[in-house]
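>>> Fold the following, please.
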Amino acid sequence: MNWLNYIIVGLLSILIIGCGTNTQTTEDTSIIKKTGQVTSYDENGLEVPNNTLKDDGFYQKGLTPRYSRDDQKKIVTDHLTGLEWQDTADVALEDKNWMKSELMGECSDDYGNPSCPDGNCSLCYDTSGDTATTYCSELTLDGGGWRLPTLEELTYIVDKGKVAPSIDPVFKYVKDTRYFTSTTGSGFLPITVFFDEGFSLKYFPKVYNFRAHVRCVRGTGDDNVLKSSQFH
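Down below sits the predicted model:
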């Protein structure tokens, strides 16, 4: 082999190594958590037992949820995401406004369409006072540091294999009704998660009387876990 061949072989080796490195760095490291669904159903709600319907009940992919509850602190820890969840009696008893009650009727109509009082939309972002946001930020449970969960975070503790409530029984306090998230939909109002069957509600009627329950969360969570098929 002459010197020219050596050069060509060397250049090819560099290209091969470089391509391998690029492939490795773009690999998706997301971790999927099981949704909890173990049975397949058709569009009419009838069970499909013959494995012809390829849904979560058939595949059951992902990691098995791992929770633990501190009965003394009344906190549930999700060991896949690293998030800590409030699990006091207030979670099933308390309901809160999203914004100041006097603004609810002014910032949207009966069906959640946004409107601004006297053209001043900044008022409609005011969640101070006796609201869900304030409740979590002022929660002193185990030293504080609490906040409203995002839609992605709250949906992630839904167990689609259970109904009324659709959540793991490690959570002792839950109401099979809607819970606030910090994620807003149309206008100024948030998307809620309904823990009867575990679905999210973007629109709701009579919003000027709208109240919902609150389960506060603490921590930043693991983005690799939260980016999963559980959120849909």
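
>>> Could you identify the helix or strand that succeeds the longest strand along the chain?
In the chain, taking DSSP state E as the definition, the longest strand is strand 178-184. Downstream of strand 178-184, the first helix or strand assigned by DSSP states H and E is strand 190-194.

>>> and that next one, which strands flank it?
For strand 190-194, the paired strands and their directions (DSSP bridges) read strand 178-184 (antiparallel), strand 199-201 (antiparallel).

>>> Point out where this protein drops to low pLDDT.
Applying pLDDT under 70 to the chain flags residues 1-31, 34-41, 45, 48, 53-61, 109-112, 186-187, 202-209, 222-232.

>>> Strands of that one, residue ranges please.
Going by DSSP E, the chain shows strands at 67-70, 75-78, 84-86, 95-97, 178-184, 190-194, 199-201, 211-213, 217-218.

>>> Let me know which of the strands paired with strand 190-194 is the nearest to N120.
Closest approach to N120 among these (Cβ to Cβ): strand 178-184, 18.0 Å. Just so you know, the C-beta spots here come from the backbone N, C-alpha and C atoms, and that holds for glycine as well.

>>> mind listing what's buried in the closest one?
Using 16 or more other Cβ atoms under 10 Å as the test for burial, strand 178-184 gives 178-183.

>>> ok, of those, which one's closest to S108?
The shortest approach to S108 among the buried residues of strand 178-184 belongs to F180, at 15.5 Å (Cβ to Cβ).

>>> so what's that closest one up against?
The contact partners of F180, taken as Cβ atoms under 8 Å, 6 or more residues apart in numbering, are 96, 98, 132, 148, 190, 192, 212-214.
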